[in-house]
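> Predicted model follows, preceded by the sequence.
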Amino acid sequence: MSSLVEMKNIKKDYYLGETRITALKSINLSIQNGEFVAVWGPSGSGKSTLCNLMGLTDNHTSGTLLFQGTEVTSLSDNQKSEMRNQHLGFIFQNFNLIPVLTALDNVTLPLLIKGEFEKSSINAAKSLLFELGIGDYFLHRPHKLSGGQQQRVAIARALITAPDLIIADEPTANLDSENALKIIDLMRKINISKKTTFVFSTHDQRLLDRVNRQINLQDGFITNDSKADKKNNDNVETNKNTNFETKQML
Amino acid sequence: MNSKFIVWIKFAMANLLRNGRRSFYTIIAIAIGYAAVNIFGGFTSYIFTNLKDSFIYSHANGHLTIFKKGFLTEGRIDPTKYLITSQEYALIDDICAKIPQILIATPQMQITGLISNGEVSTVFIGSGRVPSQTQEIQRQATGIGGNLKLHNGKALQDDIPYGVGLTNGLAEKLNIDIGSDAVVMSPTVDGRINALDVEVFQRYDVPVEELNDKVMRLPLKFAQSLYDTKSIDRLSLLLTDEKLITPIKKLLQTAFKKNKLEMEVKTWKELSPFYRKVKDMFDIIFIFIFIIVFIIVVTSVVNTLSMSVIERTREIGTLRALGLKRKGIIGLFAMESGMLGLVGSFFGILITILNWLLIKLFEPQWMPPNYVIKIPLEIFMVPVYMYWTLLFLVLLSSIISIIPAKKAAYKNIVDALGHT
Ligand SMILES: Nc1ncnc2c1ncn2[C@@H]1O[C@H](COP(=O)(O)OP(=O)(O)O)[C@@H](O)[C@H]1O
Ligand SMILES: [Mg+2]
């Protein structure tokens, strides 16, 4: 079983006129199904850039990026759109709900885009909103909702297609600390109950106790990846298993 | 209907309502454009109908006219050489009688000569007709032309050959009035001079000023006896339906060939250069109006959508991130724009109907070109125009929206999301 996301020597340059800004220098990482990953680091360290690449909303400059085993540079814009629609979910810092649509319509939007909008979609969206504790706000437009409520609607929108990976770039940056913790807890709960993989970025270290993997970015480099340490252990375990199986076979 | 589609429509509608005032102005621009095209189109159609009715019915020229071959070309110099003899006429009349769609086939003879009051004399051009048939053609008119009394005095009569009609200019020139006598003179077809007495039965006007002191109408019998001939120079045919003009023309041509008749058949349009000129002129005006409407619609739609694209940059980024393809973004804007076109056209239809009602209500009168009396002004509602304008404006607004929509669709997603 291949990794959900695999990055090898990923580099990302931006150009401001003639000036090249290297946002990501040489990123190597892999995300497995079911993980709950925090990317953290100071502002400007490359967190958003990393999220954008993983979310297939931007293109890397060099290196290899595999999403579910597929080299993403080989995908057309339409194929990437389909990937985002069917396999990815997005939670944004500023919620990015569509202002003219009700909470309910915002949640069903990805299904509409997918072309799978049906009567049952509405019920699915309703039960998601209930699950996330905003069942009373179906018909509210985003501007009538608080930040925390809006972000819950956004989470419901990200979940509606049952994606493999949800990318959340600074999902709590526009929330007060109480709401921030609630949102992260909610995401974690979903991660556990629905086995949805989450990658979220933050510059708030207080949120990090709740995650099972932390990737620390500094100046476009990964300076620490808690999984990478654990990975060795995993490998040991795998080896053990292999040994065990080998024994059995013998 | 497809529920997905309905949801997209609702979404598009919500987007239009977001900046309601701007959408409203665009809708109004489209509505005015729609109304301009249709009101002008309706007026044109009224004018054409009247010109046609006036030629076919009021002037009793019918839909088709039969001439001896050459009459209209070589015959101009010596018309008497290209007359239809009474034998030929009898044959033609037989052929026409076998075609039930020919309602009336009436003979004519145009003559020229001098008319005198005993003291002075002047040139006249006279049209010899069969009064009862002329009146029958006029009675067949469906439009305004049918109910018009176009002369003062009494009607000409088949069996009173000496009773004639004079244009007002001619009557004034000769200082004679209804009831007066006069003498007309002309060479016969054999070249002898002939003179006959006439009595003025009626006075009337013709729309061409240069002719208003030269023209007179007279019974065919009179024209024939003045020219001392049994021949005629043309036959006017009234058909049951103008759609039959071309097929009946063909039918007649083959029948004439079979009977060795050297005749030519002309349609009313071929004989009415005035109608063609007016039509050409109106067509040009229409093109101008159309271009103006086109420019107004295009600029207001493009302008509205361009602003909308800028305002909604972040949402476009969101939709793209959620997986909407570029063509989906273009489709959304095209749908919004098409709805502007649709609603605009709808209001345009209302304006057109309102205008029609107002004109019905106030019945303004006017004198169109080539008319000698005032008639009610009308603006027709032409469903074909209305339908095509609607379709055109909806399609135009949808298609033209692609220009701003493409800009939206090709935005960099990350940049768009970061837009504030
Ligand atoms: N569109 C862009 N054009 C130029 N430079 C950019 C652009 N986006 C990000 N950068 C630069 O790349 C670096 C990483 O940015 P970013 O990924 O946004 O970091 P973070 O999300 O951790 O704050 C920063 O130096 C930033 O200025
Ligand atoms: Mg950032």
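Happy to help now that I have it. Ligands and ions are numbered 1, 2, ... in the order given.
> Nearest to ligand 1 within the stretch 251-400 of chain B, name that residue for me.
Residue of the stretch 251-400 of chain B nearest ligand 1, by CB to the nearest ligand atom: B:G317 (12.7 Å). Every C-beta, even on glycine, is put in place using the N, C-alpha and C of the backbone.
> before we move on, which element is that residue in?
Here B:G317 sits within helix B:313-321, counting by DSSP states H and E.
> Report the angle between whatever helix or strand comes next after that helix and helix B:313-321.
Using DSSP H and E, the helix or strand that directly follows helix B:313-321 along the chain is helix B:326-362. Angle, helix B:326-362 to helix B:313-321, by axes from the mean of the first three to the mean of the last three CA atoms, to 10 degrees: 130 degrees.
> And helix B:326-362, what's buried?
B:326, B:328-345, B:347-349, B:351-352, B:355-356, B:359 (16 or more other CB atoms under 10 Å in any protein chain shown).
> Following the chain onward from that helix, which element is next?
strand B:365-366.
> what sits up against that next one?
Residues outside strand B:365-366 that contact it (CB atoms under 8 Å, 6 or more residues apart in numbering or on different chains): B:374-377.
> The residue nearest to the residue of the stretch 251-400 of chain B closest to ligand 1 when sequence neighbours are not counted and A:F92: what is the separation?
Using CB to CB, 6 or more residues apart in numbering or on different chains and skipping residues adjacent in sequence, the residue nearest B:G317 is B:A416, 3.0 Å away. Using CB to CB, to the nearest Å, we find B:A416 at a distance of 12 Å from A:F92.
> May I have the phi/psi pair for A:N33?
Main-chain torsions, A:N33, degrees, to the nearest 10: phi -60, psi 140.
> my read: it touches A:S2, true?
No - A:N33 is beyond contact range of A:S2, at 9.8 Å (criterion: CB atoms under 8 Å).
> quick one: the helices in the chain?
Going with chain A. A:47-54, A:77-87, A:103-114, A:119-131, A:147-159, A:177-194, A:226-249 (DSSP state H).
> nope, chain B please
B:3-18, B:20-53, B:86-97, B:131-139, B:168-174, B:220-227, B:245-258, B:273-311, B:313-321, B:326-362, B:383-400, B:402-409, B:413-418.
> What are the buried residues along the longest one?
The reference is to helix B:273-311. Buried residues in helix B:273-311, counted by 16+ other CB under 10 Å: B:275, B:278-279, B:282, B:289-290, B:293-294, B:296-298, B:300-302, B:304-306, B:308-309.
> got it, and the fifth one?
Neighbour-count burial for helix B:168-174 flags B:168-171, B:173-174 (criterion: 16+ other CB under 10 Å).
> What is it packed up against?
Using 3 or more CB pairs under 8 Å, 6 or more residues apart in numbering or on different chains; DSSP states H and E, the elements in contact with helix B:168-174 are strand B:102-116, strand B:121-129, strand B:193-204.
> which stretch among the ones you listed comes nearest chain A?
Closest to chain A of the helices and strands packed on helix B:168-174 is strand B:102-116 (CB to the nearest CB; 61.8 Å).
> what lines up beside the closest one in the sheet?
Sheet partners assigned to strand B:102-116 using DSSP bridges are listed as strand B:121-129 (antiparallel), strand B:181-187 (antiparallel), strand B:234-239 (antiparallel).
> coming back round to it: give me the buried subset of the contacts of strand B:365-366.
Buried, going by 16+ other CB under 10 Å: B:I375, out of the contacts of strand B:365-366.
> just to revisit the earlier point, which of B:A416 and A:F92 has more residues huddled nearby?
A:F92 (23 against 20; other CB atoms under 10 Å in any protein chain shown).
> you'd agree the more buried one is up against A:I167?
No - using CB under 8 Å, A:F92 is not in contact with A:I167, being 9.3 Å away.
> Need the residues touching each of the two.
Counting by CB under 8 Å, 6+ apart, A:F92 and A:I167 have no shared contacts at all.
> got the residues of chain A near ligand 1?
A:14, A:16, A:21, A:23, A:41, A:43-49 (CB under 6 Å from any ligand atom).
> Kindly recompute the last result at 8 Å.
For chain A, the residues found near ligand 1 under the criterion CB under 8 Å from any ligand atom are A:12, A:14-16, A:21-24, A:41-52, A:169-170, A:201, A:203, A:217, A:220.
> what about burial for those residues, which qualify?
So, by 16+ other CB under 10 Å, the buried ones in these are A:12, A:23-24, A:41, A:45-52, A:169-170, A:201, A:203, A:217, A:220.
> Excluding chain neighbours, give the residue nearest to the residue in chain A that chain B sits nearest to in space.
In chain A, the residue that lies nearest chain B is A:N85 (2.3 Å; CB to the nearest CB). Spatial nearest neighbour of A:N85, chain neighbours left out: B:G323 (2.3 Å); criterion: CB to CB, 6+ apart.
> With B:A255 instead?
B:I95 (4.7 Å).
> Pick out the residue nearest the middle of the chain.
Unless you meant another one, I'm taking chain A. Most central in chain A under CA atoms, centre = their mean is A:I167, positioned 1.8 Å from the mean C-alpha point.
> Sorry, I should have been clearer: chain B.
B:F48 (1.6 Å).
> Run through the bridge partners of the nearest residue to A:N224 once chain neighbours are set aside.
Among residues not flanking A:N224 along the chain, A:N216 sits closest, at 3.9 Å (CB to CB, 6+ apart). Listed by DSSP bridges, the beta-bridge partners for A:N216 are A:W40, A:N224.
> What degree of burial does A:N216 show, as a neighbour count?
By the measure other CB under 10 Å, the count of residues near A:N216 is 18.
> Next one, pLDDT for the closest residue to B:K279 other than its chain neighbours please.
Spatial nearest neighbour of B:K279, excluding adjacent residues (CB to CB, 6+ apart): B:F48 at 6.4 Å. B:F48 is assigned 89 on the pLDDT scale.
> Tell me if I'm right that B:F48 and B:S272 touch.
No - applying CB under 8 Å, one finds B:F48 not in contact with B:S272, separated by 11.1 Å.
> ok now do residue 198, which residues does it touch?
Picking chain A for this. So A:F198 contacts A:35-37, A:165-166, A:168, A:187-188, A:190-191 (CB under 8 Å, 6+ apart).
> that's the wrong chain, I wanted chain B
Contacts of B:V198 (CB under 8 Å, 6+ apart): B:115, B:162-164, B:181-184, B:218, B:222.
> can you pull up the bridge partners for it?
Those that pair with B:V198 in a beta bridge, by DSSP bridges, are B:A182.
> Contacts only, for the closest residue to ligand 1 within the stretch 1-150 of chain B.
In the stretch 1-150 of chain B, the residue that lies nearest ligand 1 is B:N15 (27.1 Å; CB to the nearest ligand atom). Neighbouring residues of B:N15 by CB under 8 Å, 6+ apart: A:100, B:308, B:312, B:332, B:336.
> Give me the local confidence score for it.
95.
> Distance of it relative to B:T299?
When distance is defined by CB to CB, B:N15 is 20 Å away from B:T299.
> list the contacts for the nearest residue to B:I316 once chain neighbours are set aside?
Setting aside the residues directly before and after it, B:I316 is nearest to B:A408 in space (CB to CB, 6+ apart), at 4.9 Å. Contacts for B:A408 (CB under 8 Å, 6+ apart) come out as B:309, B:312-313, B:316, B:329-330, B:333.
> any low-confidence regions in the chain?
Because you didn't say which chain, this covers chain A. Within chain A, the stretches with pLDDT under 70 are A:1, A:228-250.
> think we crossed wires, I meant chain B
B:1, B:143-149, B:370, B:419-420.
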